[in-house]
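Chemist: this one's sequence-less:
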DNA sequence: CTGAAAGCGCTAACAC
DNA sequence: GTGTTAGCGCTTTCAG
C-alpha cells in the first residue's frame, strides 16, 4: 500500500505538502505541485478514505438504503445514485434491508460512523425512529415524509396527483369510463397517496366510475392474485399499483384468455424497465428512476457540502410522466355497458 | 458520536478493556464484561470501522463489482451477497461499472484501500490487468477465469456443460430435433463457454440439428433483433443466450403472431426472476443467483479469515438446474419437416 | 510557501 | 486481567 510518506519521499517534500497538493492545490507553489502530482501518478497513490475521514471528519462516502435491491424500481434508482455519486467523487454503499424495519434500523446504525450522509428510500421505519435518525444524521428521504410537524428533512417524492391525472386522463381520452384500480398493501405510504390521488383524479370526471380494490402484494404474485377480482365490475381499463402487479395481471389474464388491450386496457405505475419486457408492452406512469436517484444524491451532497439549509426547497416533488405503450387502447364498442 | 472513551468512562475501565471486550471477550473477566456491555448498550456505541481498519489492517468491508446493477442477474446476485456478508458481520460496498472497463479499473483502485477483499463479477477487464489485481488483492472472480497459467485466484463459475446438457436434453425429450441457439456478444467470456457447451450437448444426439446464431446484444433488444433470423431455419425450439434475450424474442414473436410454445418452444438461460414475469413463463436454466452471490462471499471471507490457501478447491463450479415452465412443449405434429 | 507535530478512534503489544 | 502506550494514514493548526 502506497501512502503519503512514499509520495513525500519520492518528490522530496513533507507529507503535509502532499496532502495540501491534493486538498488545496492553490496553497502550493506550482513547481512543487507538479513534482508531487508526478510522484502521485508514478506510484499510483490512492488516498485512504478511511484515514482521511478519521481525521477530517468527512469520509467521502454516502449510504443508500433500499428495501429490496432486486426490485427493478430500486435497482434503477440505485444505478442513478451510483452514477451521480461517482461523478461527484463520493463512494456509495448500498444496503438492502430485505423489507425489514429491524434490519434497516440496525444497518443504519452500523454504517453511520463511516458515512457523511444517507439516503433512505421507501423507509419501513416508524415515524419516531425515522425522525430520530433524521435529527442526528445528514439524510434525505425518498418516497416518504415525516409529516409537517417533524424536524425539517429534505425529501424527494413523486407528485402522485400529477401521475394519477395523467393515468386517468389518458384512459378517459381513449374512451374508458369504467376503470378499476388495483391497490397495493393497505399500510404502505405510497399506496395511501397513490389511491387517494387516483380517487381525486377520477372525481374530476363526472362520467367515470372508479372501482377500487386494495391490499395486494406489490409484486407480480399480487397481480396474479388480483386477476379475477379486477374484472368483477366489468371495467374496460385497469390501473395497477405498479408495473410488477400489472405484469402479474397480464400473465394471468393471458392464461385465462382475456386479451390486453382488446378486452381490457392495462396501465402500470413507476415506469420500470420491466414494463418494456412484456407483450403487449405496458403503458406506465412514472419518473425517470435513474434521475430520481441522481436527484436524491444531489440533494444530499448539497447538504453535506453545507450550502444553505434553505427550508424553502426542502421538499422536491418530481413530476411523473405517462409513457403510452400498447397495453392501453380504446375500449371495444359496446364494452362495459 | 460515541467512542470507546465514552464507554470506558461510563463503565469505569480503560479503553483497551472496552476494545478487548468486543474483540476478545474471553480475555476479560465476566463481571467487567457485563459492565462494559451494559455501557455499550446504553450509549448505543457503534465501533468506527474506519478507525478499526486503520489500526488493525482489517476494515470489515468487502467490495462487489458488477457491470450493471439494473440487470436482474446482478441484482439477484447482489442481494445474495448482501445477505451473506451481513450475516457474517461484514459491510458490502457495491460498485456498478456501467459495463465499462475503464470505470471498473478506476473504481477497483479507489475502493481497494478501504476493503479487505473484492468480488469481481463478470469482469470486463483484460486478462493482464485482472491478473495484476488478483495478485495484489484478496479477490474472488465470478463468471470469469484467468486461464491455467495465471496466478491462483478463487473462482466461482457455472458449469455450462451441465446447463447445456439440461437444456438440450429437455428439448430432445420433448421431441425437438431442430434447435436454434441465439448467442450473445461474440467477445463475451460467457457466450464463448455457453455456445461451445451447447454445441457439445447437441452433438451427443445424432438426430439433433443445431442452428447457431450469435452476436446479439444480451438484452431484450437483442432478442427483438434476433426474432426473424431465429426462425429462418424453421427450428421447433429456440434456446436464447439469456432470459432477457428470450423475453425480447417472445415479445416480438407475439407481435408477429408466432405463438410460444405452440409454434416454437423457447428456453432461456440464467433463471432470473424476469423469467416468471412473462406469459408464457419462461423455461430457464441456471443456478440460484442469490446462492451464487452467497457462495462468492463465503469464498472471499474464508480467504480473508486466512484459512488454507488450498489450491485444490480454488475453483467452484456451480451446477445449474433447468426450471421447466410453459414456454417449452412438444413440437406440433409435422412441424420442422 | 512549507515543515513539524498533534491527534481522529481504534487495536495490539507490552507492562503491571 | 487490566491499563499504558504507540501508532495506522491522513489533515490541519501552528511555526518558521
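Modeler: Alright, I've got the coordinates. This one's a predicted model, so the numbers in the text were calculated from it and none came from an experiment.
Chemist: What strand or helix carries the one residue in the stretch 151-300 of chain A that gets nearest to DNA strand D?
Modeler: Closest contact between the stretch 151-300 of chain A and DNA strand D, by Cβ to the nearest atom of the strand, is at residue A:300 (19.7 Å). Using the backbone N, CA and C atoms, a C-beta is placed for each residue, glycine as well. According to DSSP states H and E, residue A:300 maps onto helix A:289-305.
Chemist: So which bits of that helix are buried?
Modeler: Neighbour-count burial for helix A:289-305, counted by 16 or more other Cβ atoms under 10 Å in any protein chain shown, picks out A:289-290, A:292-304.
Chemist: what's the answer for stretch A:231-248, then?
Modeler: In stretch A:231-248, counting by 16+ other Cβ under 10 Å, buried: A:231, A:235-248.
Chemist: any idea which of those is closest to residue B:198?
Modeler: Residue B:198 has its nearest neighbour among the buried residues of stretch A:231-248 in residue A:247, at 29.1 Å by Cβ to Cβ.
Chemist: where's that closest one, which helix or strand?
Modeler: Here residue A:247 sits within helix A:243-256, counting by DSSP H and E.
Chemist: and that helix, what does it pack onto?
Modeler: Under the contact criterion of 3 or more Cβ pairs under 8 Å, 6 or more residues apart in numbering or on different chains; DSSP states H and E, helix A:243-256 touches helix A:220-231, strand A:237-240, strand A:265-269.
Chemist: Need the winner for burial among the ones you listed.
Modeler: With neighbours defined as mean count of other Cβ atoms under 10 Å in any protein chain shown, these peak in mean count at strand A:237-240, which reaches a mean of 32.
Chemist: Who are the packing partners of that strand?
Modeler: Counting contacts by 3+ Cβ pairs under 8 Å, 6+ apart, strand A:237-240 packs against helix A:160-174, strand A:178-182, helix A:220-231, helix A:243-256, strand A:265-269.
Chemist: got a list of contacts for the fourth one?
Modeler: Contacts made with helix A:243-256 from outside it, assessed by Cβ atoms under 8 Å, 6 or more residues apart in numbering or on different chains, are listed as A:71-72, A:182, A:184, A:216, A:218-227, A:230, A:238, A:240, A:259-260, A:263-264, A:266-272, A:274-275, A:278, A:282, A:284, A:327, B:277-279, B:281.
Chemist: Pull the residues that contact the helix holding residue A:300.
Modeler: Residues outside helix A:289-305 that contact it (Cβ under 8 Å, 6+ apart) are A:58, A:62, A:64, A:73, A:76-85, A:88, A:90, A:92, A:116-119, A:121, A:138-140, A:142, A:154, A:156, A:158, A:270-272, A:309, A:316, A:318.
Chemist: what mean pLDDT does that helix have?
Modeler: Confidence for helix A:289-305, expressed as mean pLDDT, is 93.
Chemist: cool, and stretch A:45-61?
Modeler: Per-residue pLDDT over stretch A:45-61 has a mean of 89.
Chemist: do stretch A:96-105 as well
Modeler: The average pLDDT within stretch A:96-105 is 95.
Chemist: Endpoints of it, how far apart?
Modeler: 12 Å (Cα to Cα, to the nearest Å).
Chemist: and it, how far out from the chain's middle?
Modeler: The chain centre lies 16 Å from the centre of stretch A:96-105; the measure is Cα atoms, centre = their mean, to the nearest Å.
Chemist: Same check on stretch A:57-72?
Modeler: Put simply, stretch A:57-72 sits 11 Å off its chain's centre (Cα atoms, centre = their mean).
Chemist: Repeat that for stretch A:128-147.
Modeler: With Cα atoms, centre = their mean as the basis, stretch A:128-147 stands 15 Å off its chain's centre.
Chemist: and the residue of chain A most remote from its centre, what is it in contact with?
Modeler: In terms of distance from the mean C-alpha position of chain A, residue A:12 ranks first, at 48.5 Å (Cα atoms, centre = their mean). By Cβ under 8 Å, 6+ apart, residue A:12 lies in contact with residue A:35.
Chemist: make it 10 Å
Modeler: By Cβ atoms under 10 Å, 6 or more residues apart in numbering or on different chains, residue A:12 lies in contact with A:32, A:35-36, A:39.
Chemist: How is residue A:281 classified with respect to secondary structure?
Modeler: Secondary structure state of residue A:281, per DSSP: H, G, I helix; E, B strand; the rest coil, is coil.
Chemist: which stretches of the stretch 201-337 of chain A have low pLDDT?
Modeler: For the stretch 201-337 of chain A, applying pLDDT under 70 flags the ranges A:307-312, A:334-337.
Chemist: So for residue B:177, which of the helices and strands packed on strand A:237-240 sits nearest?
Modeler: Nearest to residue B:177, of the helices and strands packed on strand A:237-240 and by Cβ to Cβ, is helix A:243-256 at 28.7 Å.
Chemist: quick one: which of the contacts of helix A:289-305 sit in strands?
Modeler: Among the contacts of helix A:289-305, the members falling in strands (DSSP state E) are A:62, A:64, A:92, A:117-119, A:121, A:139-140, A:142, A:156, A:158, A:316, A:318.
Chemist: Kindly write the PyMOL command that selects the buried subset of these.
Modeler: The buried subset of these, as determined by 16+ other Cβ under 10 Å, is captured in PyMOL by this line:
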select buried, chain A and resi 62+64+92+117+118+119+121+139+140+142+156+158+316+318
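Chemist: what comes up buried for the helix or strand hosting residue A:192?
Modeler: Using DSSP H and E, residue A:192 sits within helix A:189-203. Neighbour-count burial for helix A:189-203 flags A:190-195, A:197-198, A:201-202 (criterion: 16+ other Cβ under 10 Å).
Chemist: Run the chain-centre distance for it.
Modeler: 19 Å.
Chemist: and the angle from that helix to strand A:178-182?
Modeler: Angle, helix A:189-203 to strand A:178-182, by axes from the mean of the first three to the mean of the last three Cα atoms, to 10 degrees: 170 degrees.
Chemist: Can you identify the element that follows helix A:189-203 toward the C-terminus?
Modeler: The helix or strand immediately downstream of helix A:189-203 is strand A:209-213, counting by DSSP H and E.
Chemist: Tell me what angle that next one forms with helix A:189-203.
Modeler: Using the same axes, to 10 degrees: strand A:209-213 against helix A:189-203 is 160 degrees.
Chemist: for strand A:209-213, packing partners?
Modeler: Applying 3 or more Cβ pairs under 10 Å, 6 or more residues apart in numbering or on different chains; DSSP states H and E, we find strand A:209-213 packed against strand A:178-182, helix A:189-203, helix A:220-231, strand A:237-240.
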